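Peer 1: give me coordinates for this.
(one chain, ligands or ions: 2)
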Amino acid sequence: VEPAHWCYEIQAKEPNSHCQGPADWSGDCKKTHQSPINIDTTEAKVNPDLKPFTFIGYDQKKKWVVKNDGHSVKMMLADGSFIAGGDLPTQYQAVQLHLHWSQEFDRGSEHSIDGKHFAMEVHIVHEKGTSSSKGQDSKDKNAVLAFMVEVGDEMNQGFQPLVEALSHISKPDTNTTMKESCLQDMLPKKEKLVHYFRYLGSLTTPNCDETVVWTVFKEPIKLHKDQILKFSTELYYDEGKKLPMKDNVRPLQQLGNRQVFRS
Ligand SMILES: Nc1nc(-c2ccc(Cl)c(S(N)(=O)=O)c2)cs1
Ligand SMILES: [Zn+2]
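Peer 2: Ligands and ions are numbered 1, 2, ... in the order given. Here you go, the predicted structure:
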């Protein structure tokens, strides 16, 4: 019998789902330095070493490949974009951008800030340096930049290429090529990215490896509600297009003995 694949609660509670919901995730998912967490801003300690980031190649216009991987929608960023600064030990190479969301705009983010959840959360996943400099399972093998998404009253033009691609990848394990776009146009203005929270945690998907340096930016991305709703109405978890892809959000994890810092 095949080992059950991991899934989110909304999928696990379907009759005959046979997939493992968050409570049953294996790997490192039951360890103590897990993500996501609630960020209590009053408890966050100012760290003057948390300097602004340098974004390299984030302004390059490309026709990104984007896929529905059955858990989220993922833009493949390999070999062009990097980050440095932000008190990271070296440059990190961007690997992929994906999102987490709900149809309810107050429960679509994985992290919460002072108990507030947002409509969506954007994750840009980076890997340390180049292949040669990568240690095995070092605590900072990955760096994820997390951006909250709020409902705004204007269309976010920078997100349109991604939003327009969704209808072409409604089924899991499908991909398509987006119209030309650049990462920079999808993010808040650089000067707004000086305020962020920092802590050491994990992937929020199995095997939940505790190898992530998390950066959660204070400044949210604003999308029009119709743009946000497109993720829940165009994408599906299943081949049969019976289960709309939404609530792909891992429950909050305990902070434990960890300290959250702030720039
Ligand atoms: N949809 C999928 N997302 C991942 C993944 C891989 C690496 C990371 Cl770091 C993350 S997350 N959510 O912690 O940013 C997710 C695999 S499959
Ligand atoms: Zn994620």
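Peer 1: ok, and the closest non-adjacent residue to Gly115?
Peer 2: Residue nearest to Gly115 in three dimensions, not counting chain neighbours: Asn38, with 6.1 Å by Cβ to Cβ, 6 or more residues apart in numbering. Yep, even glycine has a C-beta here, placed from its N, CA and C like the rest.
Peer 1: hey, what's that neighbour bridged with?
Peer 2: Following DSSP bridges, Asn38 is listed with bridge partners Ser112.
Peer 1: and Tyr196, by the same measure?
Peer 2: Phe217.
Peer 1: just the one 5 residues further on next, same as before
Peer 2: Partner residues in beta bridges with Gly201: Val212, with DSSP bridges as the criterion.
Peer 1: tell me the confidence at it?
Peer 2: Confidence at Gly201, expressed as pLDDT, is 98.
Peer 1: OK, contacts around it?
Peer 2: Residues in contact with Gly201 (Cβ atoms under 8 Å, 6 or more residues apart in numbering) are 33-37, 210, 212, 214, 253, 258.
Peer 1: quick one, what contacts Glu164?
Peer 2: 178-179.
Peer 1: can you classify it by secondary structure?
Peer 2: Under the three-state scheme (DSSP: H, G, I helix; E, B strand; the rest coil), Glu164 adopts helix.
Peer 1: distance of it from Asp114?
Peer 2: 34 Å (Cβ to Cβ, to the nearest Å).
Peer 1: likewise for Arg258?
Peer 2: 17 Å.
Peer 1: the two: which is more packed in?
Peer 2: Remark: of Arg258 and Asp114, Arg258 carries more neighbours, 13 against 10, as counted by other Cβ atoms under 10 Å.
Peer 1: burial count for the residue lying closest to that one once chain neighbours are set aside?
Peer 2: Excluding the flanking residues, the one nearest Arg258 by Cβ to Cβ, 6+ apart is Tyr199, at 5.7 Å. Tyr199 has 21 neighbouring residues, counting by other Cβ under 10 Å.
Peer 1: show me where pLDDT drops low in the chain?
Peer 2: 1-2, 130-136 (pLDDT under 70).
Peer 1: what residues does it put near ligand 1?
Peer 2: Contact residues, the chain versus ligand 1 (Cβ under 6 Å from any ligand atom): 69, 71-72, 74, 98, 123, 125, 142, 144, 203-205, 212.
Peer 1: tabulate these in JSON lines, adding columns for secondary structure and neighbour count.
Peer 2: JSON lines is the format used below for the residues of the chain next to ligand 1 (DSSP: H, G, I helix; E, B strand; the rest coil; neighbours: other Cβ atoms under 10 Å):
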{"residue": "Asp69", "secondary structure": "coil", "neighbour count": "14"}
{"residue": "His71", "secondary structure": "coil", "neighbour count": "19"}
{"residue": "Ser72", "secondary structure": "coil", "neighbour count": "20"}
{"residue": "Lys74", "secondary structure": "strand", "neighbour count": "21"}
{"residue": "His98", "secondary structure": "strand", "neighbour count": "21"}
{"residue": "His123", "secondary structure": "strand", "neighbour count": "22"}
{"residue": "Val125", "secondary structure": "strand", "neighbour count": "19"}
{"residue": "Asn142", "secondary structure": "strand", "neighbour count": "20"}
{"residue": "Val144", "secondary structure": "strand", "neighbour count": "22"}
{"residue": "Leu203", "secondary structure": "coil", "neighbour count": "21"}
{"residue": "Thr204", "secondary structure": "coil", "neighbour count": "25"}
{"residue": "Thr205", "secondary structure": "coil", "neighbour count": "22"}
{"residue": "Val212", "secondary structure": "strand", "neighbour count": "26"}
